[in-house]
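# Build me a structure from this.
(2 chains)
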Amino acid sequence: MHDLNFIRDNASLFDDLLKKRFLDPQSKKILDLDIKKRDLLTKSQEMRSERKNLSSSFSKLDDNEKLKLQEKVQQIKLDIDTFEKELSIIDSQLKDILSSIPNLPHDDVPIGEDEGSNKIVKTIGEIPKFDFTPKPHYELGENLDMLDFEQAGKVSGTRFVYLKNQLARLERSIANFMLDKHTTEFGYTEIIPPNMVRDAAAYGTGQLPKFSDDLFQTNTDHWLIPTAEVPLTNLVLETILQEDQLPQRLTAWTPCYRSEAGAAGRDTRGMIRQHQFSKVELVSITKEEDSEKELERMLNCATSILDDLKVSYQVVLLSSGDMGFSAEKTYDIEVWLPGENKYREISSCSNCRSFQARRMNARYKTNDQNKFVHTLNGSGLAVGRTLIAILENYQNEDGSITVPDVLIPYMGNKKKISKF
RNA sequence: GGAGAGGUGGGUGAGUGGCUGAAACCAGCGGUUUGCUAAACCGCCGUAUGACGCAAGUUGUACCGAGGGUUCGAAUCCCUCUCUCUCCGCCA
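Modelled structure (predicted):
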């Protein structure tokens, strides 16, 4: 949601920034509606004021005067109705526009229509060399009889998978390792949130109204969360926080459900793109002056996991056209997958500034006024894709998987995953 | 799922048609008093938005869970929805 005052004062800047996102200028349409709205508002307020004054003198009048007054007030009421009907139409038009425009890009963000313009910020680790041809994760998993796509297809359909045996445990170990690190080393508070949310929450973080097609909805009109960002960020929905309650750093390991509506034919092999996957999410709620450095901090929390796992990755600053709806600046972390011979996204860390806070009406008190909080979210990391990265990077020629050192205690001191 | 009771400002809690944007108390902020702390006393103390003003501020309107309705006038009456609580049933 955008700040109308900002658009009033910076109309051309607003349009320029939209242009960076390859969107048409909107300020004129918005400000025209705004003027109309304020005009109607003034009129209806004057009439309301008049009505108030009239009716307050009612009891002092004689019967004849009372009758007259009743008629008069009734007429005013009709007028108010007409004005306010028009007002509510304009107001909802205005809201529709404001709530469907994505966040404006930060100055640092490279301009470009798609991922081709993303900027590689840093590359960590070498591309690993193998003495044999590394296999993709799905072959490794199926050979171990620990990934079962076939049966998942029968039971649930495409884009689902069974993890079995040591790979099921590996997934749990990865998540536990991430949660332990984020909570003890980086001060995040662990949360187990609801996995179904209402419209208001999905609206708050920006999934609604535009992206309902990407979500699953239950027959109770709940939405299955596409990421824990939704329930974690909405923990401050409709609240006013004290300054000393900030920053809040929250983490949760949840399943994520995505319809992948627009992804037909993409990544159909393997578990890169599933309807259900698990992710450890990081969310920060900060004061407005702190969000920029919080994004860097969050990025470091996420990459430190990959550092510990000793896999190669690169950090990418997304271009204006590749960023998500709510973000003003986004770093993606891409991990090297030997089986695919390329880097694949494993995390996305975004600063949304006050964009989501406006939608959620989430504020904090300062000395002179209530300000909108800033919200950030990032994967810390996608657990399923981390599992893929481990399978492919730690595979041995015989098809077994070496357990990364940091995960050994979580795996019951097992050092290797193999069929026998 | 059945039955009942409720949702009032940061909290507790008055308020059943006009004088209530809302008593009182607590918390909070500012001040007086006080050797310090405490106490006492005085003042301030909801949100959103419009207009005027350089500003401090002044002023309009709306908001007592949400949305409709009745009325000259609604926190108060009516309807719908929603949430919370209690009891019963069912259940991991």
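# Tell me which residue of the stretch 151-300 of chain A lies closest to RNA strand B.
Nearest residue of the stretch 151-300 of chain A to RNA strand B (CB to the nearest atom of the strand) works out as residue A:240 at 6.7 Å. Any C-beta I mention is one placed from the backbone N, CA and C, and that applies to glycine too.
# Show me the beta-bridge partners of that residue.
Here residue A:240 shows beta-bridge partners residue A:363, assigned using DSSP bridges.
# Check the secondary structure at residue A:255 for me.
State at residue A:255, reduced to three classes by DSSP: H, G, I helix; E, B strand; the rest coil: strand.
# Find the residue ranges of the stretch 301-420 of chain A scoring beneath the pLDDT cut-off.
Within the stretch 301-420 of chain A, the segments meeting pLDDT under 70 span A:368.
# what are the ranges of the strands in it?
A:313-317, A:329-337, A:342-351, A:363-365, A:370-372, A:374-382, A:401-402, A:416-417 (DSSP state E, counting those that start in this stretch).
# out of those, deepest packed?
The highest mean neighbour count among those, using mean count of other CB atoms under 10 Å, belongs to strand A:374-382: a mean of 28.
# Check which helices and strands it is in contact with.
Here strand A:374-382 touches helix A:229-233, strand A:276-286, helix A:291-309, strand A:329-337, strand A:342-351, helix A:355-360, going by 3 or more CB pairs under 8 Å, 6 or more residues apart in numbering; DSSP states H and E.
# Need these in TSV (columns: distance to residue A:160).
Formatted as TSV, these follow (distance: least, CB to CB, whole Å):
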stretch	distance to residue A:160
helix A:229-233	21
strand A:276-286	6
helix A:291-309	25
strand A:329-337	21
strand A:342-351	20
helix A:355-360	30
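# and the strand or helix carrying residue A:28, what other elements does it pack with?
Assigned by DSSP states H and E, residue A:28 falls within helix A:27-56. Judged by 3+ CB pairs under 8 Å, 6+ apart, helix A:27-56 is in contact with helix A:4-9, helix A:11-20, helix A:63-100.
# elements contacting the last one?
Under the contact criterion of 3+ CB pairs under 8 Å, 6+ apart, the helices and strands touching helix A:63-100 comprise helix A:27-56.
# Same question for the second one.
Taking 3+ CB pairs under 8 Å, 6+ apart as contact, the helices and strands that helix A:11-20 lies on are helix A:27-56.
# what about the helix it packs on and RNA strand B, any contact?
Yes - contact of helix A:27-56 with RNA strand B (CB under 7 Å from any atom of the strand) involves A:38, A:41, A:42, A:45, A:46, A:48, A:49, A:51, A:52, A:54, A:55, A:56.
# what's the closest of the strands of the stretch 301-420 of chain A to residue A:214?
strand A:342-351 (14.6 Å; CB to CB).
# now the angle between strand A:276-286 and that closest one, please.
40 degrees (axes from the mean of the first three to the mean of the last three CA atoms, to 10 degrees).
# Alpha carbons only: can I get strand A:342-351 in PDB?
Only the C-alpha atoms of strand A:342-351 are listed here, as PDB (Å, rounded to 0.1, in the frame of the first residue of the first chain):
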ATOM      1  CA  LYS A 342      24.000 -24.200 -12.300                       C
ATOM      2  CA  TYR A 343      23.100 -21.900  -9.400                       C
ATOM      3  CA  ARG A 344      19.500 -22.100  -8.100                       C
ATOM      4  CA  GLU A 345      17.600 -19.900  -5.800                       C
ATOM      5  CA  ILE A 346      17.600 -21.100  -2.200                       C
ATOM      6  CA  SER A 347      16.600 -17.900  -0.400                       C
ATOM      7  CA  SER A 348      15.200 -14.500  -1.000                       C
ATOM      8  CA  CYS A 349      15.600 -11.700   1.500                       C
ATOM      9  CA  SER A 350      13.600  -8.500   1.100                       C
ATOM     10  CA  ASN A 351      13.000  -5.200   2.700                       C
END
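# Partner strands of that strand and their direction?
strand A:329-337 (antiparallel), strand A:374-382 (antiparallel).
# who's in contact with that strand?
Applying CB atoms under 8 Å, 6 or more residues apart in numbering, the external contacts of strand A:342-351 come out as A:106, A:272, A:282, A:291-292, A:294-295, A:298-299, A:302, A:306, A:313-314, A:323-324, A:326-337, A:374, A:376-382, A:385-386, A:388-389.
# Number of residues surrounding the nearest residue in space to residue A:390 that is not next to it in sequence?
Using CB to CB, 6 or more residues apart in numbering and skipping the chain neighbours, the partner closest in space to residue A:390 is residue A:404 (6.2 Å). Residues near residue A:404, counting by other CB atoms under 10 Å, number 22.
# ok so, going back, most surrounded residue in the residues of helix A:27-56 next to RNA strand B?
Neighbour counts for the residues of helix A:27-56 next to RNA strand B (other CB under 10 Å) peak at residue A:51, which has 18 neighbours.
# could you measure the closest residue to it other than its chain neighbours against residue A:340, distance?
Spatial nearest neighbour of residue A:51, excluding adjacent residues (CB to CB, 6+ apart): residue A:76 at 5.0 Å. Here residue A:76 is placed at a distance of 71 Å from residue A:340 (CB to CB, to the nearest Å).
# Equivalent analysis for residue A:324, please.
23 Å.
# do the same with residue A:156
Distance from residue A:156 to residue A:340, counting by CB to CB: 24 Å.
# Counting neighbours, go ahead and name the busier of these two.
Of the pair residue A:156 and residue A:340, residue A:340 is the one with more neighbours under other CB under 10 Å, namely 17 against 13.
# That concludes my questions; thank you for your assistance.
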